[in-house]
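Peer 1: Generate coordinates for the sequence data below:
(one chain, ligands or ions: 1)
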Amino acid sequence: MTTKEEIVKKAIEKTIKNGWHKKFITNVSKVTVECNDGKYWLCGDNGLTVKNIGEIEVILFDHSFCKAFWGTKKVCSDCGGSDLEGSDYVGISECTECDNSYILQEWELYIKQLALAEDRLEYIKQFI
Ligand SMILES: [Zn+2]
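Peer 2: This is a model prediction of the structure:
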């Protein structure tokens, strides 16, 4: 059983490892998650004082957060496959699985699914 706070902390740790930076996170072990009025807030410190960084629901849709969390590998928008044929140079790629030619970066694919998820923390749990 993973609590929502644990999910958030693991997700934040993963993105920081992948280069996501946010003012007031000087020490990942000091990052805390507080629940207030049913909303989850990320808190960090600037070395001296604890600061409220932002609401988790908002941070989850921060593009720089998503890039660090899911990565920027190119995938097929239909099947999520990464076996693509073609050239980046001319901007044409095609999925070898389903012949779809609409290619996204992984984070773009998942942010769409995240937006549709009923429970967003439950959704990101599978990636931490
Ligand atoms: Zn495909």
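
Peer 1: for the protein, what helix or strand is lowest in average pLDDT?
Peer 2: strand 84-87 (a mean of 78; mean pLDDT, DSSP states H and E).

Peer 1: where does the chain dip in pLDDT?
Peer 2: In the prediction, the chain carries residues with pLDDT under 70 at positions 1, 87-91.

Peer 1: got the residues of it near the ion?
Peer 2: Taking C-beta under 5 Å from the ion as the criterion, the chain approaches the ion at residues 76, 78-79, 81, 95, 97-98, 100. (C-beta placed from N, C-alpha, C; glycine too.)

Peer 1: again, only this time at 8 Å
Peer 2: Proximity of the chain to the ion is confined to 76-81, 95-100 under the rule C-beta under 8 Å from the ion.

Peer 1: In strands, which of these appear?
Peer 2: 76, 95 (DSSP state E).
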